[in-house]
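> predicted model, plus sequence, below.
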Number of protein chains: 2
Amino acid sequence: MNHPVPPAPVRRPVPAELLQALQAAFGERVSTSEAVRAHHGRDESPFDPQLPDAVVFARSTEEVQTAVKLCGQYGVPIIPYGNGSSLEGHLLAVEGGVSIDLSEMNQVLSIAAEDLTATVQAGVSRKALNEALRGTGLFFPIDPGADASIGGMSATRASGTNAVRYGTMRENVLGLTVVLADGRIVKTGTRARKSSAGYDLTRLFVGSEGTLGVITEITVRIYPQPEAVSAAICAFPSMSGAVKCVIETIQLGVPIARVEFVDSLAVRAINRHSNLTLPESPTLFFEFHGTGAGVKEQAETVQQIAADNAGSGFEWATRPEERNRLWNARHSAFFAMLQLKPGCRAVTTDVCVPISRLAECVVETEQDLKGSPLLCPIVGHVGDGNFHVAMLIDPAKPEELEEAERLNRRIVERALRMDGTCTGEHGVGLHKMGFLLDEHGADAVDVMRSVKHALDPRNLMNPGKIFSYKA
Amino acid sequence: MNHPVPPAPVRRPVPAELLQALQAAFGERVSTSEAVRAHHGRDESPFDPQLPDAVVFARSTEEVQTAVKLCGQYGVPIIPYGNGSSLEGHLLAVEGGVSIDLSEMNQVLSIAAEDLTATVQAGVSRKALNEALRGTGLFFPIDPGADASIGGMSATRASGTNAVRYGTMRENVLGLTVVLADGRIVKTGTRARKSSAGYDLTRLFVGSEGTLGVITEITVRIYPQPEAVSAAICAFPSMSGAVKCVIETIQLGVPIARVEFVDSLAVRAINRHSNLTLPESPTLFFEFHGTGAGVKEQAETVQQIAADNAGSGFEWATRPEERNRLWNARHSAFFAMLQLKPGCRAVTTDVCVPISRLAECVVETEQDLKGSPLLCPIVGHVGDGNFHVAMLIDPAKPEELEEAERLNRRIVERALRMDGTCTGEHGVGLHKMGFLLDEHGADAVDVMRSVKHALDPRNLMNPGKIFSYKA
């Protein structure tokens, strides 16, 4: 895992004529102000901001096309920007360029309730989509915690708490509208649930982190709201007991909708933040979806598995306000954890391993963390084998970042040894370019590079991310 | 939908030195006999065979690599061959070349029961995998009818009767080993259930029909066998009643495992072939997976929906032998239908539409078929919005092929108008290259061509399929 450090990226010149042309096309919706650029030159990663030279607020696919064509004319990089909630430095303008803010592309274009599909502009957030679905009896399940944009979630192949039942963005995007580096607009997929019609361009763009084009519209699957929902939490004396409970639940085929692990330290953070009094030990949050009888049956099965693994205080909540209270606590975990160390930033790991290795992976990781001076709470979408260590660092202390990176390397190395991945759902961004090589090997990354070359030979689209590429 | 007819493909020369080199490497596992070549120059499509110049029987990824490198040295096309069950001319050697038969790559390499994954060589058939899983309590659900190879199923993005519950090969392949056109071996994916690590190469190769590389090993998801399974059949006075029953079932979120539509003519064929006495009217076959109570609840819900749509004689089968008898009848439908017209071949349509348009699509199609002299039974994986018309033609009568193609065009045009796809699960092959353009537009197909160029610039891998490409 020793990679040659790629040469520091060089900012490309942004000629005044480009800015004038953008202003002619977008008027007040182009900004070069320091504040706006600073806002667009960072994300939720611990990296120092790197500002774009300008920000354009686009309102349609055609406007994105205009901006892309103009940037292309001057060889200037393009960085698509959704809600700024990415975690791996995806949005940093490492080579300068123009950030295309899609937040004003906030229209839900159509809801086909009968087909269980919805088509949205890229700037629609997952909560906004669910708001638009209110009253239809349908919902969009993918829930990465942050109220990310559907475009950003597509670009990073996001998932979150519901993926164990409903899949990730990989499974739930049916089709896309994409503006390519050369300004062409392509539509991928259809509204049919499945297709064998040629190369899977939809899934090529999903997870490409803005490096192959700007996703402007997305058709997603939506789902009937379950007839019944119940939630449960259960505390365990040990991390391994909690994780084993999850493994057995999955192996038995219980169609659990959510199962989240939270370690003692994260429970403490949640208690403080949400004013709760959960026992401060490793805890699982469950959610069950189905018919009334089905949900009861699932919960009883899981309660038994939990008891077999020394879980105690298995507590059910079926009323919506009770369930929401529990789950809001889990949802606020990220911000709750940040408050454990005021002024800190989090370096977040994101490994995902085959489920049989999860207990071993988490327990060995816990050993690592015990030997570290950093505060490192753990939460995880454990039904998928995915967990996050939030390593809280003082941004003013480089030694803390160094320590976090040391821990991160150990955790990733462990996950790869276990046939897992360095990133289950956050993407590669700037941060995991070396790990990507370790995971897939130079030849596979070279295949990715060939695809990049095929679609963006001049390296205009979000350059410097995922892998090194020279135009 | 008028496309310029692409120039007839030209066979490329296969130098004697290549054959000698293959013989040196593979000994008796290279054949140039007419019979072996004839067997490998066709599939289950109605196209006339086009023979490869030689067939190599490979036993490992490294042997595939050897064959690919040798062919590359002489600029000779390579056609991967699994079980020969594809339906759109995928295997025809339109430019000559070497067929790489993978049927001797028939090892199940590992079964990770705890992780719900299995890794197989490409020549393992789906039934062979399920045989290997016998006794583990697990199964591989994807079931396209034919006992296709897992490699071929990956290459065509196959699905079939279980897709409504378990997804298609798109959702169920976790990782691949692929030999690229230049002989490099790459591994894609990991055994983790999800990943955001770079471009989704797995899904780029799934559905690429051998045009980007030879898939040699596949890691798939496997599933716990449900605690309880029940099957049911139900006859309807009209096609639209049957289809509406399905639509309502899906929209209600019933987690049905299989729901298959069979029209009156197909029921007649099945009755004759399987010696049954099903009422010869539009019929649905259902399968329910879950706990004992869950399965009962699902079946009762569906029975009510069927009754609301004038379904009659809803018949349950819970004992395995009963269920198997019903489902074997459905599985033999393709061959049963062929027997309606001895000596015929079938031109099979494969459209898939958003579920709300399914009734309209099937009923309008039925109108088309009524006006045609051909026998055209219909079966469908209707839970996905996918159905097949098997147009039975006398291969000696070109006017019948012409009529079948006329009907096919009408059906595809209709599906595309309804936001659907020309192929839900069979792939493009030779047959739907024009339709692919109609469906995705020239720019999107051009993106596919760019990807092809990036990975196989000399057009060695299964040339002449999916879209026209000039090296």
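Sure thing, it's come through.
> CA only for contacts and neighbour counts going forward, please
Noted.
> how close does the residue nearest to A:Phe47 when sequence neighbours are not counted get to A:Gly429?
Spatial nearest neighbour of A:Phe47, chain neighbours left out: A:Gly89 (6.5 Å); criterion: CA to CA, 6 or more residues apart in numbering or on different chains. As judged by CA to CA, to the nearest Å, A:Gly89 and A:Gly429 stand 5 Å apart.
> same thing with A:Thr216?
Taking CA to CA as the measure, A:Thr216 and A:Gly429 are separated by 20 Å.
> and the residue nearest to A:Phe47, helix, strand or coil?
coil (DSSP: H, G, I helix; E, B strand; the rest coil).
> and it, its phi and psi?
Dihedral pair for A:Gly89: phi 80, psi 20, per degrees, to the nearest 10.
> contact partners for it?
Under the criterion of CA atoms under 8 Å, 6 or more residues apart in numbering or on different chains, the contact list for A:Gly89 reads A:Arg42, A:Asp43, A:Glu44, A:Ser45, A:Pro46, A:Phe47, A:Gly429, A:Leu430, A:His431.
> also A:Pro395?
Going by CA under 8 Å, 6+ apart, A:Pro395 touches A:Pro46, A:Cys344, A:Arg345, A:Leu401.
> that one sits in which helix or strand?
Using DSSP states H and E, A:Pro395 falls within no helix or strand.
> so how many other residues sit close to the nearest residue to A:Arg157 once chain neighbours are set aside?
Sequence neighbours aside, A:Gly207 is the residue nearest to A:Arg157 in space, at 4.4 Å (criterion: CA to CA, 6+ apart). A:Gly207 has 29 neighbours, counted by other CA atoms under 10 Å in any protein chain shown.
> in stretch A:329-343, which residues are buried?
With burial defined by 16 or more other CA atoms under 10 Å in any protein chain shown, the residues of stretch A:329-343 counted as buried are A:Ala329, A:Arg330, A:His331, A:Ser332, A:Ala333, A:Phe334, A:Ala336, A:Met337, A:Leu338, A:Gln339, A:Leu340.
> same question, stretch A:66-74
Those would be A:Thr66, A:Ala67, A:Val68, A:Lys69, A:Leu70, A:Cys71, A:Gly72, for stretch A:66-74 by 16+ other CA under 10 Å.
> doesn't A:Pro13 fall inside a strand?
No. The assignment for A:Pro13 is coil, going by three-state DSSP, so no strand is present there.
> distance of the closest residue to it other than its chain neighbours relative to A:Ala67?
Nearest residue to A:Pro13, sequence neighbours excluded (CA to CA, 6+ apart): A:Val76, at 7.3 Å. According to CA to CA, A:Val76 and A:Ala67 sit 10 Å apart.
> same deal with A:Ala306?
Distance from A:Ala306 to A:Ala67, by CA to CA: 54 Å.
> swap in A:Leu18?
For A:Leu18 relative to A:Ala67 (CA to CA), the value is 10 Å.
> in this structure A:Val243 contacts A:Arg357, no?
No. Between A:Val243 and A:Arg357 there is no contact under CA atoms under 8 Å: 10.0 Å.
> quick one, which of these two is more surrounded?
A:Val243 (31 against 20).
> pLDDT on the strand or helix carrying that one, on average?
Assigned by DSSP H and E, A:Val243 belongs to helix A:239-251. Averaging pLDDT along helix A:239-251 yields 93.
> quick one, phi/psi of the residue of the stretch 101-250 of chain A found nearest chain B?
Of all residues in the stretch 101-250 of chain A, A:Ser195 sits closest to chain B, at 4.0 Å by CA to the nearest CA. The phi/psi pair for A:Ser195 (degrees, to the nearest 10) reads phi -160, psi 150.
> wait, it touches B:Asp419, no?
No. Look at A:Ser195 against B:Asp419 with CA under 8 Å: they stay out of range, at 11.7 Å.
> and the two? Which one has more around it.
Between A:Ser195 and B:Asp419, counted using other CA under 10 Å, the more crowded position is A:Ser195 (31 against 16).
> what's near enough to touch the closest residue to the more buried one other than its chain neighbours?
Sequence neighbours aside, B:Gly424 is the residue nearest to A:Ser195 in space, at 4.0 Å (criterion: CA to CA, 6+ apart). By CA under 8 Å, 6+ apart, the contact list for B:Gly424 reads A:Lys194, A:Ser195, A:Ser196, A:Ala197, B:Asp350, B:Val351, B:Cys352, B:Asn386.
> state the pair within those residues that is farthest apart.
Pairwise distances across the contacts of B:Gly424 (CA to CA) peak at 13.2 Å, for the pair A:Ala197 and B:Asn386.
> the residue nearest to A:Arg157 contacts A:Ser159, correct?
No. Judged on CA under 8 Å, A:Gly207 makes no contact with A:Ser159 at a distance of 11.1 Å.
> in the helix or strand harbouring A:Ala25, what counts as buried?
Here A:Ala25, judged by DSSP H and E, is contained in helix A:16-26. The neighbour-count criterion (16+ other CA under 10 Å) identifies A:Leu18, A:Leu19, A:Leu22, A:Phe26 as the buried residues of helix A:16-26.
> the buried residues of stretch A:329-343 into a markdown table, with extra columns for secondary structure, pLDDT and distance to A:Ser99?
Formatted as a markdown table, the buried residues of stretch A:329-343 follow (DSSP: H, G, I helix; E, B strand; the rest coil; pLDDT from 0 to 100; distance: CA to CA, whole Å):
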| residue | secondary structure | pLDDT | distance to A:Ser99 |
| --- | --- | --- | --- |
| A:Ala329 | helix | 81 | 34 |
| A:Arg330 | helix | 83 | 32 |
| A:His331 | helix | 80 | 29 |
| A:Ser332 | coil | 83 | 29 |
| A:Ala333 | helix | 88 | 30 |
| A:Phe334 | helix | 86 | 26 |
| A:Ala336 | helix | 93 | 30 |
| A:Met337 | helix | 94 | 30 |
| A:Leu338 | helix | 93 | 28 |
| A:Gln339 | coil | 94 | 30 |
| A:Leu340 | coil | 95 | 33 |
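> export those to CSV and append columns for distance to A:Pro141.
Listed next are the buried residues of stretch A:329-343 as CSV, based on distance: CA to CA, whole Å:
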residue, distance to A:Pro141
A:Ala329, 18
A:Arg330, 16
A:His331, 14
A:Ser332, 17
A:Ala333, 19
A:Phe334, 19
A:Ala336, 23
A:Met337, 24
A:Leu338, 26
A:Gln339, 28
A:Leu340, 29
